[in-house]
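Colleague: just the structure for this:
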Amino acid sequence: MSVVLSTAELPAPDRTERWQEVVSRTFVPLDVRLLEKEPSPGLIASRRLGALQVTRVQAGPQTTTRSKRLIARDDRRYLILTLQQRGTALKEQDGRATLVSPGEFSLSDAARPFRKKLERDFVFTSFHFPREDLRVREEDLRALTATTFSGQGGSGALVATYLARMAAEAAVLGETVGREFAATALDLLALLLDERCGRLAPQAPEAAAAMLARVKDHILRNLSDPGLSPSGIAAAHFLSVRYVHKLFELEGVTAGEWIKSQRLERCRRDLTRAPAARVGVAAVARRWGFVSPSHFSRVFRAAYGVSPRDWQAGGPAVTSGAPDGDRVPAQV
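Modeller: Residues are numbered from 1 along each chain as shown. Just a heads-up that it's a prediction; the model follows:
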């Protein structure tokens, strides 16, 4: 990340005013009160990734307040997610207060007053972005500000790990790649909030649909890998296996069934092409991730009503004259 400010070279009496100025310029207008008689040096480093402004902050004890007065002065709607790395933060908003410890994170909405107190030296990484880029219901967002999300397990840990890794690699990510990583981060956050509010499966929110599209793209690019599985897919996207299964439930199919149907469709097409006649059925099956020829033959027959060899020999004509591409594999 590029350094926005270091107050290490400033005399202690000059640090307060300068820190106030840069914190407000980096995030949103804030009242900052340093709690030491001689303020410790502070450091802010920031980089933009798509919709996200990723900022690492290291400083001494202080409080920051977003008041109605400051909101009236600059009413742009931003959300701020803070991933705590050292020290403990007390955050207050919407009538709630929560302690955020290292490895945990929380959300603040700059459209409404909030306050944060850090009583000791601290380090955190923040991710702030326009409210409209997070596709969650307004009532759900209001219910989850000043709430601690654990980074020790479950979906919260997956989101925290993804955010931390993305921040660590921000300096080497190109503009296009960074934008895609940021979009995925917001999708993951929306999924987490939907899970916390119990909305993921029944409502099929846009965030879930976006993540399902990303998961499907990953599957299609890795169909040849016989080890492709829901657990591997989940790990690649910093999701839980349960999330992966819920995403496919939105379409009334399991993840395994969808993978199998995509593999079968590609085998079916390859078997009618001239090169397949030379390499044989088993080679085509291996190309698309089927390890056992006998298993492949069984699932192919169940899907298309003929054996792979008969399909290869007669093509679509063996399925009662159905034109090529019209027969869709059954979910077997």
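Colleague: can you point out the buried residues in stretch 54-70?
Modeller: Applying a neighbour-count criterion of 16 or more other Cβ atoms under 10 Å, the buried positions in stretch 54-70 are 54-66, 70. From N, CA and C alone the C-beta is placed, and that goes for glycine too.
Colleague: just the CA coordinates of it, formatted as PDB?
Modeller: The C-alpha atoms that make up stretch 54-70 are tabulated as PDB, following Å, rounded to 0.1, in the frame of the first residue of the first chain:
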ATOM      1  CA  VAL A  54      -8.400  -0.500   1.600                       C
ATOM      2  CA  THR A  55      -6.600   1.300   4.400                       C
ATOM      3  CA  ARG A  56      -4.200   0.200   7.100                       C
ATOM      4  CA  VAL A  57      -4.100   2.400  10.200                       C
ATOM      5  CA  GLN A  58      -1.600   2.200  13.000                       C
ATOM      6  CA  ALA A  59      -1.600   4.700  15.900                       C
ATOM      7  CA  GLY A  60      -2.000   5.300  19.600                       C
ATOM      8  CA  PRO A  61      -5.000   5.600  21.800                       C
ATOM      9  CA  GLN A  62      -7.800   7.800  20.500                       C
ATOM     10  CA  THR A  63     -11.600   8.200  19.900                       C
ATOM     11  CA  THR A  64     -13.200   8.900  16.600                       C
ATOM     12  CA  THR A  65     -16.800  10.300  16.300                       C
ATOM     13  CA  ARG A  66     -19.100  10.700  13.400                       C
ATOM     14  CA  SER A  67     -21.700  13.300  14.500                       C
ATOM     15  CA  LYS A  68     -24.900  14.600  13.000                       C
ATOM     16  CA  ARG A  69     -23.000  17.900  12.400                       C
ATOM     17  CA  LEU A  70     -20.400  16.100  10.300                       C
END
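Colleague: and it, average pLDDT?
Modeller: The predicted model assigns stretch 54-70 a mean pLDDT of 95.
Colleague: and what of stretch 291-304?
Modeller: Stretch 291-304 shows a mean pLDDT of 93.
Colleague: can you give me the buried ones in that stretch?
Modeller: Phe296, Ser297, Val299, Phe300, Ala303, Tyr304.
Colleague: just those residues: which are in helices?
Modeller: Members of those lying in helices (criterion: DSSP state H): Phe296, Ser297, Val299, Phe300, Ala303, Tyr304.
Colleague: pLDDT below threshold where in the stretch 201-332 of the chain?
Modeller: Where the stretch 201-332 of the chain drops to pLDDT under 70, the residues are 201-207, 274-278, 315-332.
Colleague: quick check: which element contains Asp187?
Modeller: Element membership for Asp187 (DSSP states H and E) is helix 175-196.
Colleague: list the buried residues for that helix?
Modeller: For helix 175-196, using 16+ other Cβ under 10 Å, the buried residues are 178-179, 181-196.
Colleague: which residues of the protein fall in helices?
Modeller: 12-26, 68-73, 138-144, 154-169, 175-196, 200-203, 206-221, 230-236, 241-249, 255-271, 274-279, 281-287, 293-304, 308-314.
Colleague: what sits against Val23?
Modeller: By Cβ atoms under 8 Å, 6 or more residues apart in numbering, the contact set of Val23 is Leu30, Val32, Ile44, Val57, Thr64.
Colleague: now do stretch 39-46: distance from first to last residue.
Modeller: 22 Å (Cα to Cα, to the nearest Å).
Colleague: repeat that for stretch 58-74.
Modeller: 25 Å.
Colleague: list the contacts for Gln84?
Modeller: Taking Cβ under 8 Å, 6+ apart as the test, what Gln84 contacts is Val100, Ser101, Pro102, Gly103, Glu104, Phe105, Phe122, Phe124.
Colleague: gap between it and Thr147?
Modeller: 13 Å (Cβ to Cβ, to the nearest Å).
Colleague: what do you get for Ser126?
Modeller: 16 Å.
Colleague: more neighbours, the two?
Modeller: Ranked by neighbour count (other Cβ atoms under 10 Å), Ser126 and Thr147 place Ser126 first, with 23 against 17.
Colleague: wouldn't that one be in contact with Leu83 here?
Modeller: Yes: the criterion here is Cβ atoms under 8 Å, and Ser126 meets it with Leu83 at 7.4 Å.
Colleague: domain parsing for the chain?
Modeller: Domain ranges of the chain: 2-174, 209-252, 263-318, per automatic domain parsing.
Colleague: now for Leu90: which residues touch it?
Modeller: By Cβ under 8 Å, 6+ apart, the residues touching Leu90 are Ala97, Thr98, Leu99, Val100, Lys116, Lys117, Leu118, Glu119.
Colleague: so which of those residues are in strands?
Modeller: The strands, defined by DSSP state E, take in Ala97, Thr98, Leu99, Val100, Lys116, Lys117, Leu118 from these.
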